[in-house]
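[1] Here is my input, please return the structure:
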Amino acid sequence: MQQEFLFSGFGGQGVMFAGQLLAYAAMSEGFEVTWIPSYGPEMRGGTAHCFVVISDVPIGSPIVRQPKVAIVFNIPSFEKYESLVAAEGLLARDASLIAASSQRTDITELAVPATEMADELGNTRLANVVMMGALLIARPIMPLEAIERMLDEHIPSHRRELLGLNVEALHKGADFAADLVKI
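    From the prediction side, this is the model:
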């Protein structure tokens, strides 16, 4: 099993943190992992992205040309990466910020109003964790508890007070995606 993930959005939306969180959780579950961030001028409001590769065998290359899963948080990311998602892949988008839908018939699209859901929790910056919860229902490669453990271990000390809200956001996203799967 090998899964390639792309996380993309504006700098400040927690794209890098979401990718790191998934990578750390996968390592804790015994998987081989690579995490490749893209820093540079996009850190201050432009489009930032990172790639995560998770595998049960050694990873031959961290380069990802057609991710099996793309998680996009803004319109420029949707426009840039929607066509690159591998056939039979998953495109998860923050439907609060991206009204457009994919016209592709060879991928699954998961529209999660993540920013709106995070706002309901009192902090729009939790949208990345809402999306993570939804992602792990749509692609259950590891249990939500692995992400919870990594949140506890990797939330910076100056954001520790947000641990409970992050766990709540994770489950809110998972519940949203689980309801879609039931339909």
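[2] can you pull the contacts of Phe7?
    Going by CB atoms under 8 Å, 6 or more residues apart in numbering, Phe7 touches 15-16, 18-19, 22, 49-52, 71, 73, 128. Yep, even glycine has a C-beta here, placed from its N, CA and C like the rest.
[3] can you tell me which of those residues are in strands?
    49-52, 71 (DSSP state E).
[4] quick one: Ile147 and His49, what's the gap?
    20 Å (CB to CB, to the nearest Å).
[5] Using JSON lines, lay out the contacts of Phe7 together with pLDDT and distance to Glu120.
    Below are the contacts of Phe7 laid out as JSON lines (pLDDT from 0 to 100; distance: CB to CB, whole Å):
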{"residue": "Val15", "pLDDT": "89", "distance to Glu120": "21"}
{"residue": "Met16", "pLDDT": "91", "distance to Glu120": "24"}
{"residue": "Ala18", "pLDDT": "95", "distance to Glu120": "19"}
{"residue": "Gly19", "pLDDT": "95", "distance to Glu120": "24"}
{"residue": "Leu22", "pLDDT": "96", "distance to Glu120": "23"}
{"residue": "His49", "pLDDT": "90", "distance to Glu120": "27"}
{"residue": "Cys50", "pLDDT": "93", "distance to Glu120": "27"}
{"residue": "Phe51", "pLDDT": "95", "distance to Glu120": "30"}
{"residue": "Val52", "pLDDT": "96", "distance to Glu120": "27"}
{"residue": "Ile71", "pLDDT": "97", "distance to Glu120": "20"}
{"residue": "Phe73", "pLDDT": "95", "distance to Glu120": "17"}
{"residue": "Asn128", "pLDDT": "96", "distance to Glu120": "15"}
